[in-house]
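1. need a structure here:
(one chain, ligands or ions: 3)
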Amino acid sequence: RLILGVESSCDETGVALVALPPEGAPRLVSHALHSQIDMHQAYGGVVPELASRDHIRRVVPLTRQVLQEAQCAMADVDVVAYTRGPGLAGALLVGAGVACALATSLGRPMLGVHHLEGHLLSPFLSVDPPEFPFVALLVSGGHTQLMRVDGVGRYELLGETVDDAAGEAFDKSAKLMGLPYPGGPHLSRLAEQGRADAFALPRPMLHSGNLDFSFAGLKTAVRTHLVRLGWLDQPAALADPAHQAALADLAASTQAAIVEVLVKKSLAALKATGLRRVVVAGGVGANRLLREQLNQACVRRGIRVHYPELHLCTDNGAMIALAAAMRLQSGQADLSREPVFDVRPRWDLSAV
Ligand code: ATP
Ligand code: MG
Ligand code: FE
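-> Numbers count the residues shown, from 1 in each chain. Ligands and ions are numbered 1, 2, ... in the order given. Presented below is the predicted three-dimensional model:
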């Protein structure tokens, strides 16, 4: 069976085809992505109305592109999957609308997918796919969660952030440092030239005794350092070549604080569950220091770590088609329903 997946929850339009063979694992056939980052950069963040309009412009050409790459026709598609939530309502409606229209015109079933389930299962498309059960560290722009995953659809929340997400901590700190949106990759690149012990920053909730996170205080601490330096909201000072070494130090210190908390809490979750396998998913999973430190800590303990392919860490259509395929494969997809136009901007994964 051939599954078309459409992702449009935020600022990436992603479309992909995944083949589900009668036996064996789902296989990515083709995928295409358009990121709106350049468009939103001028505003320092995602503008929801602009995002929706751009999804409308991109989604059909991207769909044509993946069909052409796969040398398939629209009629070859057996199931149309789309991101049902969580995300920006207007942006989600574009993907849902397109999926509903395609499914109706083809006479095929449609399947709404949870965006975080897509992130969570994306490592199954990598060259080193995981096996159930595992601990999942989900670190994206909007979420930071630790989960116990016993199988498709069997997700138990172990802990999550009480305020900002890890990606948000990267992005907000980067913005304070005058870096472009989204700041995560920019901050981590700048950090390569800095010293991680140069600035004292908190490790929020490291000893909280549970598996929750908090990152809002970290951003405030970064802000305080910039105030002391006299550089807060001073674009000229932030861009001054003479200040770049200190900014690199601040970036390195920020990244080290975020990564240390993520690694230690993941180890605590592994210990609490007794599981020997951890899966990292979401955009922050692309972070090099996080991968290095988590790998190191896990190798020492004989724990296996799995990641999505680098280009599938952030939002994409492949993870949506894959999640639909794995739902179908495990008999957890109700395809009998008539196509319905349905999104859930707020949606808890453990409620799926
Ligand atoms: P959610 O999935 O929670 O709805 P989202 O879809 O916006 O949020 P993703 O696309 O998974 O999130 O990830 C985007 C986030 O990942 C951004 O915050 C971005 O800064 C961060 N990110 C991407 N690459 C890196 C990196 N190399 N280092 C740190 N952060 C990164
Ligand atoms: Mg994004
Ligand atoms: Fe995402």
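
2. For the residue in the stretch 101-250 of the chain positioned nearest to ligand 2, give me its contacts.
-> Across the stretch 101-250 of the chain, no residue is closer to ligand 2 than residue 141, which sits at 5.8 Å (C-beta to the ion). C-beta coordinates here come from the backbone N, C-alpha and C atoms, glycine included. Contacts here follow C-beta atoms under 8 Å, 6 or more residues apart in numbering; on that basis residue 141 touches 10, 165, 167-168, 171, 182, 184, 282-283.

3. for residue 44, same thing?
-> Residue 44 touches 175, 181, counting by C-beta under 8 Å, 6+ apart.

4. now do residue 214
-> 161-164, 204-205.

5. Now list the buried members of those.
-> 161, 163-164, 204-205 (16 or more other C-beta atoms under 10 Å).

6. Assign a three-state SS to the closest residue in space to residue 65 that isn't next to it in sequence, would you?
-> Nearest residue to residue 65 in three dimensions, chain neighbours excluded: residue 32, at 4.6 Å (C-beta to C-beta, 6 or more residues apart in numbering). Put simply, residue 32 is strand when judged by DSSP: H, G, I helix; E, B strand; the rest coil.

7. Next: residue 344.
-> Classification of residue 344 using three-state DSSP returns coil.

8. tell me the secondary structure for residue 4?
-> Secondary structure, three-state DSSP: residue 4 is strand.

9. Against residue 111, how distant is it?
-> 10 Å (C-beta to C-beta, to the nearest Å).

10. Please compare the two by neighbour count and tell me which comes out ahead.
-> In this view residue 4 and residue 111 are compared by other C-beta atoms under 10 Å, and residue 4 has more residues nearby, 33 against 25.

11. Nearest residue to the residue of the stretch 201-350 of the chain found nearest ligand 2 in space, please, no chain neighbours.
-> Closest contact between the stretch 201-350 of the chain and ligand 2, by C-beta to the ion, is at residue 315 (4.8 Å). Leaving aside its sequence neighbours, residue 315 sits nearest to residue 12 (C-beta to C-beta, 6+ apart; 4.0 Å).

12. does the one you found really touch residue 32, like I thought?
-> No: the criterion here is C-beta atoms under 8 Å, and residue 12 misses it with residue 32 at 10.9 Å.

13. Touching both of the two, which residues are there?
-> With C-beta under 8 Å, 6+ apart, residue 12 and residue 32 have no common neighbours.

14. rewinding a little: out of the contacts of residue 214, which comes closest to residue 331?
-> residue 161 (32.9 Å; C-beta to C-beta).

15. before we move on, the earlier item: which neighbours do residue 4 and residue 111 share?
-> Shared contacts of residue 4 and residue 111, defined by C-beta under 8 Å, 6+ apart, comprise 79-81.

16. what about this protein, any weak spots by pLDDT?
-> Counting by pLDDT under 70, the chain contains no low-confidence segment.

17. In three-state terms, label the residue of it most remote from its centre for me.
-> Distance from the C-alpha centroid of the chain peaks at residue 242, with 34.9 Å (C-alpha atoms, centre = their mean). On the three-state scheme (three-state DSSP), residue 242 is labelled helix.

18. got a list of what it touches?
-> Residue 242 neighbours (C-beta under 8 Å, 6+ apart): none.

19. then stretch 155-163 to CSV, C-alphas only?
-> In CSV, the C-alpha atoms belonging to stretch 155-163 read as follows (Å, rounded to 0.1, in the frame of the first residue of the first chain):
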residue,chain,number,x,y,z
TYR,A,155,2.9,6.2,24.9
GLU,A,156,3.3,7.0,28.5
LEU,A,157,4.3,10.5,29.5
LEU,A,158,7.1,10.4,32.1
GLY,A,159,7.9,14.1,32.3
GLU,A,160,7.7,17.3,30.3
THR,A,161,8.6,20.9,30.5
VAL,A,162,6.6,23.1,32.8
ASP,A,163,7.3,26.2,30.7
